[in-house]
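Colleague: Got a sequence here, can you model it:
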Amino acid sequence: MTPFTVTSREEETLTDIVERRRLRTHFQPIVSVPTGRILAYEALSRGPEGSLLESPLALFQSAGRHGRLIALEYACLASAIERWAETGLGELLFLNVSPEVLIDAATFGATVVALLSQVGLAPSQVVIEITEQSPGIDSQRIVEAVVECQTLGLNFALDDLGDGYAGLRLWSELTPSYVKLDRHFVSGIDGDHVKRRFVRSIIDIAHSLDGRVIAEGVEREAELDALLELGADYCQGWLFAHPEPQPQVGRDDLIAALAALGQTRRLHAAGTEIGRLCVALPALTHEMSVASAAERFTRMPEANALAVVDEADRPVGLLGRQQLMTLLGKRFGFDLHGRRQLSQVMQTQALCVEASEPLERVSRKVTGRADVTRDEDFIITDGGRYRGVGHVINLLQLVTEQQVQIARQANPLTQLPGNRPIRAALERYQQRGSTFVACYLDLDHFKPFNDRFGCALGDQMILILARVLGEATGRDDFLGHLGGDDFVLLLDDDGRLHTRLEAIQRHFARDGSSLLPSLERAAGGFHAKDRFDQWRFFPHTRLSIIALRVPPDAATYSFGDLWSRFKTPAKRAGNGRIVVTLKSPGKSSS
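Modeller: Model (predicted):
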């Protein structure tokens, strides 16, 4: 068969698919594990089964080659909206749209609204997911198109965030309701320290812009745990469900699986709950009128804001007293707004947190909000259902109390967490259910150095070590000071462990040696008395490290005993460190 014949067949097949809309639409859920809630389903188009263009990659590449990309996308949109209406599901629908289609905002917006109207759906039920930006398209045209479509009630999401400069630039110019993490950063995030830092930064920025983060491509529970710990709002991937043409069939099983996943993680989070900040204020229903809400506020003068919930008692928004007074305080305010439903006036992007979330994460979410919303109350849920309201002032008070408590238990020299916080951190890491690394670090020949050059210089060396460790410690790590020259560092396990530890030792060797006088530094060490009160030569003070890899199923060890067992081998090792993987209770291997 000649290439010409293949090309002709391909073009004929493509034309037939576009004009007759011979498309298959599959739907994949986007979920919240902490709340057990399905947020939305993403529509994914495929060609006719058994055809040359069955796979989506082949389909869209062919459309690009033959100049039919825009026509194909409109066909996919129409097919997806029709199929979605047939499912009878009430979650949000995510629709993929390229910038080439979007920039003709007048045509695009009118077409989508008309298609939705034909099947009885509202624009607010749809999220337009902007796919990768094509070269040559001015981002300003995309921004203008998005703003115009938002006036029609359409929501927007930015796809594959982190995949190139264009996506980040577009994010900075838009205010999308959702941003999707590129699956590159999700895959293997549980074992990659660098990816965790990138994702933490993206999540912090998104929350500060009142956006929600969706992690794509989640396939393993270890990845899920890492994403939840970092604060991702929603997840999507094969761990939950493959794309299916009839998502309503497996919906109940999916909800049950989410409930099981959420319950397991709430148990792991015990002891770090934000729930004690909860003020149990009665909620408003989304069908309630503005006038009825005003009467409720009158009966509760202590309430600054009240949550708005749906029939399943799940929060859908927040109504603030000030916002309500602004509506009704104007001339003819009651006449104009009194009969409106709360769903039309409430704040839909209100901050919502689970009662089991760690205090630190909630504090970051609250303080990371925009200035105008930073002082607003937030909603607290339990398994996705409304539990109460949290006041920012109470949160700040609790954070302050925790910081004071930590300060009282900190080492007086380095101000790092001391023995009790270290024990608590070890327990917390073990409860997470994922592999971590527990490092014990101390200095070789520190006592002779301290005796020879004095306590003041010895304290300087301890402070240098604390600084070096602090600079090497990520936001997700824990650093504590047991006392003297003994430190503890807790890390997430990744493939760069030896590289990280070697870098710490190298930086300390460089900075610590600067304390020695020039003659001793040139000689490679110093003379001092040993424990037998005899003068002898000691090499430069060196940092020794014992790193224990602790798997999720490890029994509760006495880490002090384990570290002591490997202290001598670490000091005798040529590189001054030893990495030990704990296998099972009572067994270990290096």
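Colleague: helix or strand for Ala71, which one?
Modeller: With elements delineated by DSSP states H and E, Ala71 resides in helix 69-87, which encompasses its position.
Colleague: actually Ile422, not the one I wrote
Modeller: With DSSP H and E as the criterion, Ile422 is inside helix 419-431.
Colleague: Output that helix as CSV, restricted to C-alpha atoms.
Modeller: As requested, C-alpha coordinates have been extracted for helix 419-431 and formatted as CSV (Å, rounded to 0.1, in the frame of the first residue of the first chain):
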residue,chain,number,x,y,z
ASN,A,419,14.4,15.7,73.1
ARG,A,420,10.6,15.8,73.5
PRO,A,421,9.8,17.3,70.1
ILE,A,422,12.3,14.9,68.5
ARG,A,423,10.4,11.9,70.0
ALA,A,424,7.1,13.4,68.8
ALA,A,425,8.5,13.9,65.3
LEU,A,426,9.7,10.3,65.2
GLU,A,427,6.3,9.0,66.2
ARG,A,428,4.6,11.3,63.6
TYR,A,429,6.9,10.1,60.8
GLN,A,430,6.1,6.5,61.7
GLN,A,431,2.4,7.1,61.7
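Colleague: Tell me which residues of it come out buried.
Modeller: Pro421, Ile422, Ala424, Ala425, Leu426, Arg428, Tyr429, Gln430 (16 or more other Cβ atoms under 10 Å). Using the backbone N, CA and C atoms, a C-beta is placed for each residue, glycine as well.
Colleague: Quick check: mean pLDDT of the helix holding Ala71?
Modeller: Across helix 69-87, pLDDT averages out at 94.
Colleague: and that helix, what does it pack onto?
Modeller: The criterion is 3 or more Cβ pairs under 8 Å, 6 or more residues apart in numbering; DSSP states H and E, and the helices and strands that helix 69-87 contacts are helix 3-20, strand 24-32, strand 37-46, helix 56-65, strand 92-97, helix 99-102, helix 105-118.
Colleague: and Ser261, what element?
Modeller: Not Ser; residue 261 is Leu. The secondary structure element spanning Leu261 is helix 251-268 (assigned by DSSP H and E).
Colleague: what helices or strands is that helix leaning on?
Modeller: Counting by 3+ Cβ pairs under 8 Å, 6+ apart, helix 251-268 packs on strand 24-32, strand 37-46, helix 221-230.
Colleague: Could you tell me how far that helix lies from the centre of the chain?
Modeller: Mean-position distance between helix 251-268 and its chain equals 18 Å (Cα atoms, centre = their mean, to the nearest Å).
Colleague: Spatially central residue in the chain, please.
Modeller: For the chain, Ala232 is the residue whose C-alpha lies nearest the centre (Cα atoms, centre = their mean; 2.7 Å).
Colleague: just checking, that one is part of a strand?
Modeller: No - secondary structure assignment places Ala232 outside any strand; it is coil (DSSP: H, G, I helix; E, B strand; the rest coil).
Colleague: Please tell me the pLDDT value assigned to it.
Modeller: Among the per-residue scores, Ala232 shows a pLDDT of 89.
Colleague: quick one, phi/psi of it?
Modeller: The main-chain torsion angles of Ala232 are listed as degrees, to the nearest 10 and equal phi -60, psi 140.
Colleague: mind checking how far the helix holding Ile422 is from the chain centre?
Modeller: For helix 419-431, the distance to the chain centre is 23 Å (Cα atoms, centre = their mean).
Colleague: just to revisit the earlier point, residue contacts, the residue nearest to the centre of the chain?
Modeller: When contacts are counted by Cβ atoms under 8 Å, 6 or more residues apart in numbering, Ala232 touches Leu181, Val199, Ile203, Val213, Ile214, Ala215.
Colleague: Not counting stretch 480-489 itself, show me its contacts.
Modeller: Outside of stretch 480-489, the residues that reach it under the criterion Cβ under 8 Å, 6+ apart are 410-411, 413-414, 416-419, 421-422, 425, 438-443, 446, 461-462, 465-466, 469, 473, 477-479.
Colleague: list the buried ones in that stretch?
Modeller: Counting neighbours by 16+ other Cβ under 10 Å, the buried set in stretch 480-489 is Gly480, His481, Leu482, Asp485, Phe487, Val488, Leu489.
Colleague: ok, back up a step: could you dump the helices and strands packed on helix 69-87 to TSV with mean pLDDT?
Modeller: Written out in TSV, the entries for the helices and strands packed on helix 69-87 read as follows (pLDDT from 0 to 100):
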stretch	mean pLDDT
helix 3-20	74
strand 24-32	95
strand 37-46	94
helix 56-65	87
strand 92-97	95
helix 99-102	89
helix 105-118	91
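Colleague: JSON lines please, covering those and showing mean neighbour count.
Modeller: Below are those laid out as JSON lines (neighbours: other Cβ atoms under 10 Å):
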{"stretch": "helix 3-20", "mean neighbour count": "14"}
{"stretch": "strand 24-32", "mean neighbour count": "22"}
{"stretch": "strand 37-46", "mean neighbour count": "22"}
{"stretch": "helix 56-65", "mean neighbour count": "17"}
{"stretch": "strand 92-97", "mean neighbour count": "22"}
{"stretch": "helix 99-102", "mean neighbour count": "21"}
{"stretch": "helix 105-118", "mean neighbour count": "16"}
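Colleague: These: which one's closest to Ile81?
Modeller: Shortest distance between Ile81 and the helices and strands packed on helix 69-87, using Cβ to Cβ, is found for helix 105-118: 4.8 Å.
Colleague: Could I get the full set of strands for the stretch 101-250 of the chain?
Modeller: Listed in chain order, the strands found in the stretch 101-250 of the chain under DSSP state E, counting those that start in this stretch are 126-130, 155-161, 178-181, 212-215, 234-235.
Colleague: Output these in a markdown table; the columns should cover distance to Ala71 and mean neighbour count.
Modeller: Converted to a markdown table, those look like this (distance: least, Cβ to Cβ, whole Å; neighbours: other Cβ atoms under 10 Å):
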| stretch | distance to Ala71 | mean neighbour count |
| --- | --- | --- |
| strand 126-130 | 18 | 24 |
| strand 155-161 | 21 | 23 |
| strand 178-181 | 26 | 26 |
| strand 212-215 | 29 | 25 |
| strand 234-235 | 32 | 26 |
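Colleague: Dump those to JSON lines, plus distance to Pro315.
Modeller: What follows is these, written out as JSON lines (distance: least, Cβ to Cβ, whole Å):
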{"stretch": "strand 126-130", "distance to Pro315": "18"}
{"stretch": "strand 155-161", "distance to Pro315": "17"}
{"stretch": "strand 178-181", "distance to Pro315": "17"}
{"stretch": "strand 212-215", "distance to Pro315": "13"}
{"stretch": "strand 234-235", "distance to Pro315": "15"}
